[in-house]
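Q: Build me a structure from this.
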Amino acid sequence: STISSNMFFSQCEQIIQHLNHKIPGINTAELCQRIQTAGVDINVGDLAKIANTLSFLFSTAARNNLSTEELVTTLGSGVSTLPKHAVQVIRHVWNEQGKAIAVSEDAGNMATVGQFVDMKWKLGVAMSSDTCRSLKYPYVTVTLTVADPSGQITDKSFEMTISQFKNFFRQFKEMASVLETV
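A: Now for the predicted structure:
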């Protein structure tokens, strides 16, 4: 109830775009920062719950081919704590963009795995530590940006030794050669 209509509209629009496969996911951390800058006290976890709920709402409405009025009637009868401005935004977004989801979704075909968004890597060398003066230990740090099935974008980082990286690279080469045969 404390999120402005414009911010809520932005979140609903991103979710619709995600469900239409136009964007890989919803960056709730970025959206949370924008909402906090506007003076609303909300954390990323709560915003992610809102995004998951809206994603479920829109995808279920699409699967059931609900009209705008059917969706709003269902919201009015089942969710008593939803603010009026939120229902109005949902009505507007569904009326303008909801049918595109119904067209693009295969019946019951909802993604159950995440989606790759980006990958960053860097090579580093550990020179020393408090227990060893001369390490000269090379490593690779990889950060994968992924969107989970609900569209929430998160970063996953990990480090690999050079031998682990060589194995990682070999597996990618194997995948590439298999993909070439497809």
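Q: Show the subsequent helix or strand relative to the helix or strand bottoming out on mean pLDDT in the chain.
A: Of all the helices and strands that make up the chain, the one with the lowest confidence by mean pLDDT, DSSP states H and E is helix 99-104; it has a mean of 61. Per DSSP states H and E, the first helix or strand lying C-terminal to helix 99-104 is strand 115-126.
Q: which residues make contact with that following strand from outside it?
A: Residues from elsewhere that reach strand 115-126 (Cβ atoms under 8 Å, 6 or more residues apart in numbering): 24-25, 135-147, 153. Quick note: C-beta positions are derived from backbone N, CA and C, even for glycine.
Q: go again using 10 Å as the cut-off
A: The contact list for strand 115-126, computed with Cβ atoms under 10 Å, 6 or more residues apart in numbering, reads 18, 21, 23-25, 27, 132, 135-149, 151, 153-155, 157, 159-160, 162, 165.
Q: cool, stretch 91-104 as well?
A: Around stretch 91-104, the neighbours that count as contacts under Cβ under 10 Å, 6+ apart are 5, 8-9, 11-13, 15-22, 54, 57-59, 61-72, 75, 90.
Q: Now name the helix or strand holding I3.
A: With elements taken from DSSP H and E, nothing contains I3; it lies in neither a helix nor a strand.
Q: In stretch 160-178, which residues are buried?
A: 160, 165 (16 or more other Cβ atoms under 10 Å).
Q: With stretch 57-77 instead?
A: Going by neighbour count (16+ other Cβ under 10 Å), the buried part of stretch 57-77 is 57-59, 61-63, 66, 68, 71-72, 75.
Q: what pLDDT does F165 get?
A: The score at F165 is 90. That number is its pLDDT.
Q: Which of the contacts of stretch 91-104 fall in helices?
A: If you go by DSSP state H, these have 5, 8-9, 11-13, 15-19, 54, 57-59, 61-63, 68-72, 75, 90 in helices.
Q: Now restrict the contacts of strand 115-126 to buried residues only.
A: The neighbour count (16+ other Cβ under 10 Å) marks 18, 23-25, 27, 140, 144-148, 151, 153-154, 160, 165 as buried among the contacts of strand 115-126.
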